[in-house]
Structures are given as C-alpha cells and as structure tokens.
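[1] Build me a model:
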Amino acid sequence: MIHPQITHSRFVFGNLSWYALLIALGILLAVLLASREERYKGLPKDFALDIALLAVPFGILGARLYYVLFQLPYYWRYPLKIFAIWEGGLAIYGAVIGGFFAVLLLCRRRGANLAKALDTIVPGLILAQAIGRWGNFFNMEAYGAPVSDPAWQFFPFAVYIPGTGYHMATFFYEFVWNMLVFFVLWHGRRHIRRDGDTTLQYFGLYACGRSFIEGLRSDSLYLSGIRISQLLSILAVAVVLLLLLLRYVKAGAPKYVLALPLCFLLAVAGLLLGIAPLSVLGMLLCVTLLLRLYIHPLSIAAAALVLAALTLVLLQHTVLSLLCYMLAGSFSLLALFQGEKI
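    The predicted structure is shown next:
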C-alpha cells in the first residue's frame, strides 16, 4: 500500500529521471531479446542492434510528435516544452509508427524479410512497454478516475497522487497486461506457422487490453471528444480479426464471417456510447458468427464464448462489460491463431 505521506522523486539522482532510466532499461532488454532471436529467424548478424540504432530515435521522435500533435494548444504557447520528454508525454502508438518505418527502411536497405524482422522485435517491444509503464508511476501520470471508497484505496488497485488523492492505477493495469502479452508471445514464438503472426498477435492482444484500460484513464488524448488511443486500439483489433478471418475464408469458411470485425465495432460502439440495443445486437452477431466457425474441441474457444456471454449479462455495468468483451476478443484471437475455428 502506498501511504499518503510517502512521496517519491522523479529523479534517480541529479537530472537523471526514473522515466528515462526505465525506458533505457526496456530498450536494452528488447535489444538483448531480439539479438537472441535474430539467428533463429535467419536474419543477418547484429541486425537487431542495427534496428535499435535506427528504430529508437525514430520511435522517440514518433512518440513525441504523436503526443504533441494532440496537445497543440499547450505546446503552441510553450514551444520549448516540446523537447522536455523527461517530463513525460511519449505516446506508444507514435513510437510504434516511427519504429515501424525505421525497420521498413532498414529491411529494404539490407534485403531482409520485414515480417521476420518484426517478429524478432515485438516480444522485446511489449516487455519494454511494460517496464516503461513504471516511469508513469514516478512521473505521477497515466492514472485513472478518482477512487473515493477507502476499501479500494490501496496499491495496486489505486495509487496516491499528491494533491488530488487516490486514483485508479491504470499504469499498473497496463503493466500487468503487457507482461501477460509478453509471456504469450515469448512462449508461442517457436510454434508460429507463418512469418508475421507474432507481430499480428502483438497488435491484436496489446490493443485488446489498451482499448479497455484507456477508457479508465483520466489523461487520455482526445480528438472531437473521442479517446484517440482507444479508437486506434479498437480498430487494430478489428483489422487483425479481419486478416485472420480472410485466412479462414481462403480455407473454405463462409464469406459472411468477414462481417465479424464490423459486428465487433458495432458492439464496442454500443458499449462506449451507452446504447444497449446496439451493443446487444453487435454482441449477438459476434457470438453467432463465432459459433458458426466452431469445429474444434472446447478450450480457448469456449473461454471466448463464455466471456462473450458475460458481456451481455453485465451490460448495465459498462466497465465490467467492456472488460469481458476485451477478454473475449483476446481469447478469440488466440483461438484463431491456433487454428481453432470457433
């Protein structure tokens, strides 16, 4: 439990911030893991190090530009603050976009396989993201709504922010989710059937968790009243679902299952907007399509369907319902990746 009287510093010593130190540690571990995998993937020697030297600056630049873009009124008034990254303000989606272009550029120059290169990187990337979330703790940012009930005022559910009281520890929730995704990717990396699948798992599973956790945060980036990261996450899940279902259609599944991503978006929109009939319709269509695909003994697929049913049962509790829906989406993705036609 974090006691209200205990405070902490943003800095380890001098001007070295915990935020910068943790990001550096995450990058180091990501490079070490990628270096370990590059030979197995058939990539050139020291390719992971070359990626790091190019992708890290591209990623930091992309992360900062993404954040600044959605905070333009503030940075227009204080332009020098654009360079104060030690104060926080790095958006992971911007980092991923910047890093992707760096990897794409390097692969073209070196004649390497892009899918294999990305598969080599993403397990370390999600681990680095998990570690980096603790930088939010020291910066006292990325927390959620206030927690007024004393029974829940304890860490890791809540974190004490001086001056404002207890808030949901959303940075910790994402740390836990990212670690779970890391273990899934790391454990399954040698059983992947196609190059690029580890990368698709990364985007799909990370986005499932982020789409829920982002809805709990109190410092989200908005555009016209919409949480940008939550919207991108939901779209990412839908795109990954579509790509996986295209495989099933090519293997003989009925073409109408391609409507599943649209039903997914419909159900989530209903949950986020508080329109119960819309979310019920989308959810029922999702379950119907999942059942239509099901031809495998019960396992991960069954968990997905149970969680989908819980989504409907808990519809009056938006947060719990959305949590169940995101978990159902995660299990659905895992089942599809494993070849189980849910």
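
[2] All the helices of the stretch 201-342 of the chain, residue numbers only.
    Using DSSP state H, counting those that start in this stretch, the helices of the stretch 201-342 of the chain run over 228-250, 260-273, 276-293, 300-313, 318-337.

[3] Indicate which one of those is closest to Arg190.
    Among the helices of the stretch 201-342 of the chain, the nearest to Arg190 by CB to CB is helix 318-337 (13.9 Å). C-betas here are computed from N, CA, C, even on glycine.

[4] can you give me how far the closest one is from the chain middle?
    Chain-centre distance of helix 318-337: 13 Å, with CA atoms, centre = their mean, to the nearest Å.

[5] Count the residues that sit near Ile85.
    As a burial measure, Ile85 scores 17 neighbours (other CB atoms under 10 Å).

[6] Skip the chain neighbours and tell me the closest residue to Leu241.
    Of all residues not flanking Leu241 in the chain, Pro261 sits nearest, at 4.6 Å (CB to CB, 6 or more residues apart in numbering).

[7] And Leu260, by the same measure?
    Leu289 (4.8 Å).

[8] name the element Tyr93 belongs to?
    helix 92-110 (DSSP states H and E).

[9] Show me which parts of that helix are buried, residue by residue.
    Across helix 92-110, burial judged by 16 or more other CB atoms under 10 Å covers 92-100, 102-103, 106-107.

[10] With respect to Tyr78, which of those residues is nearest?
    Gly94 (19.5 Å).

[11] correct me, but the closest one touches Leu65?
    Yes - here Gly94 reaches Leu65: they are 6.0 Å apart, a contact under CB atoms under 8 Å.

[12] what's the spacing between the residue nearest to Leu241 and Leu334?
    Counting by CB to CB, to the nearest Å, the separation of Pro261 from Leu334 is 16 Å.

[13] so where's the stretch 101-250 of the chain shaky on pLDDT?
    Nowhere does the stretch 101-250 of the chain drop to pLDDT under 70.

[14] would you list every one of the strands in it?
    158-161, 165-168, 222-223, 226-227 (DSSP state E, counting those that start in this stretch).

[15] Highest mean neighbour count out of these?
    Compared across the strands of the stretch 101-250 of the chain, strand 158-161 shows the largest average neighbour count, a mean of 21 (mean count of other CB atoms under 10 Å).

[16] and Leu33, helix, strand or coil?
    Judged by DSSP: H, G, I helix; E, B strand; the rest coil, the three-state class of Leu33 is helix.

[17] show me the contacts for the closest residue to it other than its chain neighbours.
    By the measure of CB to CB, 6+ apart, the closest residue to Leu33 outside its immediate chain neighbours is Gly124, 3.8 Å from it. Residues near Gly124 by CB atoms under 8 Å, 6 or more residues apart in numbering: 29-34.

[18] ok, and for stretch 179-188, which residues are buried?
    Neighbour-count burial for stretch 179-188 flags 179, 181-182, 184-186, 188 (criterion: 16+ other CB under 10 Å).

[19] on that earlier part again, hmm, which of the contacts of Gly124 are the buried ones?
    Looks like the contacts of Gly124 have 30-31, 33-34 buried, using 16+ other CB under 10 Å.

[20] which one among those gets closest to Leu320?
    So of the buried ones among the contacts of Gly124, ranked by how close each gets to Leu320 (CB to CB), first place is Ala30, at 33.6 Å.

[21] Give me the pLDDT for that closest one.
    We have a pLDDT of 93 for Ala30.

[22] that's a helix at it, yeah?
    Yes - checked against three-state DSSP, Ala30 lies within a helix.

[23] Roughly how far does it sit from Val56?
    Distance of Ala30 to Val56, computed by CB to CB: 9 Å.

[24] hmm, back to that, what is the nearest of the buried residues of helix 92-110 to Val280?
    Nearest to Val280 among those is Tyr93, at 30.3 Å by CB to CB.

[25] Name the nearest residue to that closest one, sequence neighbours excluded.
    Nearest to Tyr93 is Leu232, by CB to CB, 6+ apart, at 5.7 Å.

[26] Quick one: neighbours of that neighbour, just the number.
    Counted with other CB under 10 Å, Leu232 comes out at 17.

[27] And Leu243, by the same measure?
    Counted with other CB under 10 Å, the neighbours of Leu243 add up to 16.

[28] what's around Ala207, how many residues?
    For Ala207, the count of nearby residues is 28 (other CB under 10 Å).

[29] Correction: the previous question concerned Trp76.
    10.

[30] what distance separates the helix ranked longest in the chain from the middle of the whole chain?
    The residue-count maximum for a helix in the chain (DSSP state H) belongs to helix 114-139. In terms of CA atoms, centre = their mean, the centre of helix 114-139 is found 10 Å from the chain centre.

[31] Nearest the geometric middle of the protein, what residue?
    Tyr206 (2.9 Å; CA atoms, centre = their mean).

[32] Pull the contacting residues for Trp76.
    Residues counted as contacts of Trp76 (CB under 8 Å, 6+ apart): none.

[33] Quick check: which element contains it?
    helix 72-77.

[34] Name the residues of that helix that come out as buried.
    Buried, per 16+ other CB under 10 Å, within helix 72-77: nothing.

[35] same question for it, mean pLDDT?
    82.
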